[in-house]
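Student: Can you look at this prediction? I've put the sequence above it.
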Amino acid sequence: MAGGAGPLSWLRQGLSETGFTEGKNVVIEYRWADDHYDRLPALAVELAQKDIEVLVAPVTVVAAKAAMAATRTIPIVFMIASDPVEAGLVSSFNHPGGNVTGVGYLNAQLAPKRLQLLHEAVPATATITPLVNPANPVEAESQTKELQAAAPALGLQLRVAEVTTLDEVERVFAAVASDGKGAIQLSVDPMFGQPGPGSAPGRIRFAMVAIAARYAVPTVYPWREFVQGGGLMSYGSLIGDAFRNVGVYAGHILNGEKPSDLPVERPTRFYFALNLKTAKDLNLTIQPTLLAFADTVIE
């Protein structure tokens, strides 16, 4: 599996809720791709060749498909932001079939809502730049498609930017800042600092918030952790709940349940977080209706 301090503690919590504690009655084999998605197939094969009972494959479609290609018999628990049926991982949410089930936390499908909220925060801005990672094509393409469908109704123009490194991210922020009235929407991808495996995501998350502040570009994020770290706003499901549910499902399988009998988990609520201090730094006036919609307000 690929796993960081926050995500791993959430996953272990889910395991503990089903009776398993690492080091006592369960052993976890860790493998890290460090955001190099091309390494995932070999890592999945390496794990599948070991005597393991469950293969956990967060947090992308790329990881899930690498696991599925490596084994048709070992139970697999995925965690992805997009629709797992459309991605070809399962037959349906309620009846996944085969040796695969997991958590579809659906943050990618909320891209149009994030676009709307960003537009409400910066109504004078007519151009939005979504950042996507081409190395994660399923989720990048699905979010881009949904944003392109939603933008005309909001009177917005999109300039999609494909980035794979922090240097490329900074160049995009610099270009948007030079336009004077642009804004950026971060897509759902572990490379952008989702609180996921290893130490890099947390470092990248804070670096991206710092870049947005340095260039004074209003930015909307998929995860609340960005706003807690100084980002302007976010909308999405809670990543901690998703990791915990992965642990719960892995525990159910260790207790003898079959993946095909475990419906794909979906979030029941989404959260809007807003950082008023950052809004003030950006000289933004947040309307009362937008403020009232927020679940979390940082002042």
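Tutor: Sure, I can see it.

Student: Pull out the buried residues from stretch 52-65.
Tutor: 52, 54-65 (16 or more other C-beta atoms under 10 Å). Every residue, glycine included, has its C-beta placed from N, CA and C.

Student: Hmm, I typed the wrong one, I wanted stretch 285-293.
Tutor: Residues of stretch 285-293 classed as buried under the neighbour-count rule (16+ other C-beta under 10 Å) are 286, 290.

Student: Just the C-alpha atoms of that stretch, please, in CSV.
Tutor: Below are the C-alpha coordinates for stretch 285-293, written out as CSV (Å, rounded to 0.1, in the frame of the first residue of the first chain):
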residue,chain,number,x,y,z
THR,A,285,-15.0,41.1,0.2
ILE,A,286,-16.8,37.9,1.1
GLN,A,287,-20.5,38.2,0.6
PRO,A,288,-22.7,37.2,3.6
THR,A,289,-24.4,34.5,1.6
LEU,A,290,-21.1,32.8,0.9
LEU,A,291,-20.0,33.2,4.5
ALA,A,292,-23.3,31.7,5.7
PHE,A,293,-22.6,28.6,3.5
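
Student: Identify the residues contacting it?
Tutor: 117, 120, 121, 272, 274, 276, 279, 297 (C-beta atoms under 8 Å, 6 or more residues apart in numbering).

Student: make it 7 Å
Tutor: 120, 121, 272, 274, 276, 279, 297 (C-beta atoms under 7 Å, 6 or more residues apart in numbering).

Student: Please look at residue 96 and residue 264 and confirm they touch.
Tutor: Yes: between residue 96 and residue 264 there is a contact under C-beta atoms under 7 Å: 5.7 Å.

Student: Find the residues that touch each one of these two.
Tutor: Common neighbours of residue 96 and residue 264 (C-beta under 7 Å, 6+ apart) are residue 90.

Student: burial of residue 162, as a residue count?
Tutor: When neighbours are defined as other C-beta atoms under 10 Å, residue 162 has 14 of them.

Student: Identify the bridge partners of it.
Tutor: residue 132 (DSSP bridges).

Student: Low-confidence regions, the stretch 101-250 of the chain specifically.
Tutor: Within the stretch 101-250 of the chain, the stretches with pLDDT under 70 are 193-204.
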